[in-house]
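Chemist: output the structure for:
(one chain, ligands or ions: 1)
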Amino acid sequence: MADPLLALKEVGHSFGGLSVLRSVTFDVPEGGIIGLIGPNGSGKTTLFNIVTGYIRPLAGTVTYRGAALGRDTIQQRGLNGLVRTFQTPQVFEQMTVLENVMVGCTKLTRTTMLQDLLRTPASRGQMREIRERAEAGCERFGLTALRDLPAASLTAGQRRILEIARAVVGEPRLLLLDEPSSGLNVQEIDDLRDWIVRLNEEGITVLLVSHDMGLMTVARTVHTLYFGEIIASGDMAAIQRDPRVREVYLGV
Ligand SMILES: Nc1ncnc2c1ncn2[C@@H]1O[C@H](COP(=O)(O)OP(=O)(O)OP(=O)(O)O)[C@@H](O)[C@H]1O
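Modeler: Presented below is the predicted three-dimensional model:
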């Protein structure tokens, strides 16, 4: 069997003596959509922060593309195709929509900082390329009419799409989506679902955290975290039948 794209092995973490992740082990196969659910405070965001390099786990290993991530920085992980979105969309408020998307393309740059400062022909050509790529990204995600507006003026749904557009133009291999449906209306959640499926069909592997059980049906395998431990794994139908999950979510 092929190596998984991402593998977590016995990952553990605590904050000030409070254990928030305990021996978390699961794989994300290349080309898959894997879901992570769990009540508030169960450790989902902490796990994302560990995978993307915002915090270092106190125990266990995270392997990506066959190599332990170890001390790789957030930036190195990003360059290596590991890209995330946030529970509250992180957009550059004062920049336009187009400029925000351009930021997502900068990791594809090849020129040095000196070339950029001196505005050499190579640097100018590259800037043109980034702009064209970002314009295509705006077009693709239905943001063209908004592209010259400051991101601060966008609705919650538009911010969400902008964040995803910015992540996707950088050509991620593994896209981690943290509560992408929060703040969205029913139609926007439907559209988001379609986007996740489409991006996955194009080859992007997805790790999805969501409270939205409808959205979670896109995932082939869902892991349930409860107080930092995985208590059930399977497809969404199996998860919804699982007695421990029902107890945690429904108290039945
Ligand atoms: N920087 C921090 N310092 C101290 N405690 C923290 C920190 N970050 C998270 N925690 C605690 O760790 C636990 C797990 O939090 P985490 O945000 O990972 O959960 P979550 O499953 O993402 O929750 P939610 O669904 O509410 O976002 C919680 O008890 C939280 O209060």
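Chemist: helices of the chain, start to end?
Modeler: Per DSSP state H, the chain has helices spanning 44-51, 74-79, 97-105, 113-117, 121-140, 156-169, 186-201, 213-216, 236-241, 243-250. These are given in chain order.
Chemist: export those helices to TSV and tack on distance to the ligand and mean pLDDT?
Modeler: (Glycine included, C-beta is placed from N, CA and C.) Listed next are the helices of the chain as TSV, based on distance: least, Cβ to the nearest ligand atom, whole Å; pLDDT from 0 to 100:
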stretch	distance to the ligand	mean pLDDT
helix 44-51	3	94
helix 74-79	16	89
helix 97-105	24	91
helix 113-117	32	59
helix 121-140	28	83
helix 156-169	16	92
helix 186-201	17	92
helix 213-216	13	88
helix 236-241	16	90
helix 243-250	12	83
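Chemist: closest to Val24 out of the ones you listed?
Modeler: Proximity to Val24, assessed across the helices of the chain by Cβ to Cβ, is greatest for helix 44-51 (6.5 Å).
Chemist: which other residues reach that closest one?
Modeler: The set of residues that contact helix 44-51 without belonging to it, under Cβ atoms under 8 Å, 6 or more residues apart in numbering, is 6, 8, 11, 13, 20-21, 24, 36-38, 54-57, 62, 64, 69, 82, 84, 87, 176, 178, 207, 209, 225.
Chemist: now render the helices of the chain as JSON lines, adding mean neighbour count and distance to Ala2.
Modeler: Formatted as JSON lines, those follow (neighbours: other Cβ atoms under 10 Å; distance: least, Cβ to Cβ, whole Å):
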{"stretch": "helix 44-51", "mean neighbour count": "22", "distance to Ala2": "20"}
{"stretch": "helix 74-79", "mean neighbour count": "15", "distance to Ala2": "21"}
{"stretch": "helix 97-105", "mean neighbour count": "23", "distance to Ala2": "28"}
{"stretch": "helix 113-117", "mean neighbour count": "12", "distance to Ala2": "38"}
{"stretch": "helix 121-140", "mean neighbour count": "16", "distance to Ala2": "29"}
{"stretch": "helix 156-169", "mean neighbour count": "22", "distance to Ala2": "24"}
{"stretch": "helix 186-201", "mean neighbour count": "16", "distance to Ala2": "17"}
{"stretch": "helix 213-216", "mean neighbour count": "18", "distance to Ala2": "25"}
{"stretch": "helix 236-241", "mean neighbour count": "15", "distance to Ala2": "24"}
{"stretch": "helix 243-250", "mean neighbour count": "14", "distance to Ala2": "29"}
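Chemist: looking at these, spot the one closest to Pro29.
Modeler: The stretch from the helices of the chain with the least distance to Pro29 (Cβ to Cβ) is helix 186-201; that distance is 11.7 Å.
Chemist: perfect, I'm done here.
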